[in-house]
Structures are given as structure tokens and as C-alpha cells.
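Asker: Dropping the sequence and predicted coords here.
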Amino acid sequence: MAFIDDLGLIEALLLLGGVLLTYVGLVGWYRMYKNDAKGLRQALTGASVPLGGVGIAATIIGLWGEMVWNYQPWTALGGYNIFFTDVVLLFGLVLVALAASMYKELSLQYVGLFALVAGGITLFYGWTGYGYSYTKEPFETLLLYAGFGVSGIMAFPATVLVDHYLANGATSKMFWTTAAPSRSARGLTGAVRAAQSISPSTTEEKNGDLRYRLPIYVSFFLLAFPVFMALAALAAYFYLGSTIPGHLAPGKTP
């Protein structure tokens, strides 16, 4: 079987997926910051269609590479089906699972756990490839794999927090706090208490208003995912630019 060079398409799919996931992550954080559960659900449902498309394409290419790669142990192409298509297939499967969960409004943390494991595997592949200088751009390849690997790991806490917000955002103590009453309110409360007894069932609302806020540590975990994903997409963009000219040139090999 003749060698078919589809590395450019693989890099393009990685770039598309990275950009989409970065945008979804930022929109998700903003909706949670504004306490807009309905807007968050709409964003997840809308993003499921393009993410599913990229995921299906990546899965098909990954499966193709795994099954029909022209193994040539005497050339540098011998193990490219392992080094490239393994992680592309994992990337595609994660996107397909994520898109289905987002579209059907299922719990996202199980896909996040899948992404965490896939991210760890991707980091291992990237570090191994860098150590053996498996490509002509070993450092750029390491950055590409590290970006997607860390993003996959950070997807797990992000999806856990999104699930918790969508299921318990209206009542969770994580998102609601009692604001300190104003000076006039404290005086009024004291006057009322002087005039009547306080029952044991007095709630926090008696002493202050409950206000929504997104804790800093929650924002950190939510934003870590799109930040690393943006770096991964940027690495895919530069990797695409550095490899395509050589791959398109006559007589050149990866």
C-alpha cells in the first residue's frame, strides 16, 4: 500500500478542536460567573454539534491509521501509526463522548475522567517522542502533546464543577454566601429583637442577604482548562505551519 500523508489534516483537526474547546471553556466560565444556568446549558448543547463533527473525523482517521498503516520498520515512518494515530484516536473518542454528553445533557465528569486518562497517556507519548527525537521538530512536538495532555487532565475538575453547578447551583453553599448587613439593617434588627423574641428557626436571611459568587478556586479550575487548551491550539497552529511546507515539497518525508 502506498504511503498516504494525512498529518496536515490531523493537525488541522487538532487546531479546530482546540479552538472550539477553548471557546466553550471560556463561555462556560462566564455563564457560571453570571449564574446563568440556562445559558450554560444552551452553550453546551450548541457546541456539541461542531465538537462532534471534529471528533468523528479524528476518530475515523485514527482508526484508519491504526488498521492500514504501511509499516516500514527500516524508515522513520515505521512507528508513526503508534506515535500519532494513537493519540489522535483518543482525542477523537473524547470529543465524540463529550459532544454526546453535552447534547443529551448528561453528566460531564465521566467524560472528564476519560479525558484525564487520555491526557496522561498523551503526556507520556510526547515526552517519549521528545526523548528519542522521533520527529524533525521534537520540541514543538513536545509542546503540542503537553498542551493537549495537560488540558485533558484539567478537564476532569472542570467538568466536576460544571456538573455540581448545574445540579446544585441554586442551593449549593459553594456558590451562595451571606452578605454582611448594613449599619442601618443591624440597628433595625436590634430594635426588632428588643421588641420580640427570636425563634430557634431564625435563618441567615435574618442577618444578611444571600448573594451569589463564584469562588476564586472554582474560577481557577474552570479557567485552567481553556487556558491550557488555547496553548495547545496555538502549538497545533505553529506545528501545522512548520510541517506542511516540508510535507508538500516533492520528495520530502516527515
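Answerer: Alright, I've got the coordinates. Numbers count the residues shown, from 1 in each chain.
Asker: need the contact list for S101.
Answerer: With contact set as CB atoms under 8 Å, 6 or more residues apart in numbering, S101 has these partners: S107, L108, Y110, V111. For glycine as for every other residue, the C-beta is placed from the backbone atoms N, C-alpha and C.
Asker: farthest-separated two in the residues you listed?
Answerer: The largest separation in the contacts of S101, counting by CB to CB, is between S107 and V111 at 8.4 Å.
Asker: who has more neighbours, these two?
Answerer: Applying other CB atoms under 10 Å to S107 and V111 shows that V111 carries more neighbours, namely 23 against 14.
Asker: which residues touch the more buried one?
Answerer: V94, A97, L98, S101, A155, T159.
Asker: one step back: quick one: which of the contacts of S101 sit in helices?
Answerer: Y110, V111 (DSSP state H).
Asker: Quick check: of the contacts of S101, which lies closest to G28?
Answerer: Using CB to CB, these come closest to G28 at L108, 9.9 Å.
Asker: Setting aside sequence neighbours, what's the nearest residue to the closest one?
Answerer: In this structure, L108 finds its nearest non-sequential neighbour in T159, 3.9 Å apart by CB to CB, 6 or more residues apart in numbering.
Asker: and the gap between the one you found and G25?
Answerer: 10 Å (CB to CB, to the nearest Å).
Asker: Repeat that for V49.
Answerer: Taking CB to CB, one finds V49 at 17 Å from G25.
Asker: With adjacent residues omitted, what lies nearest to T243?
Answerer: Among residues not flanking T243 along the chain, L7 sits closest, at 6.3 Å (CB to CB, 6+ apart).
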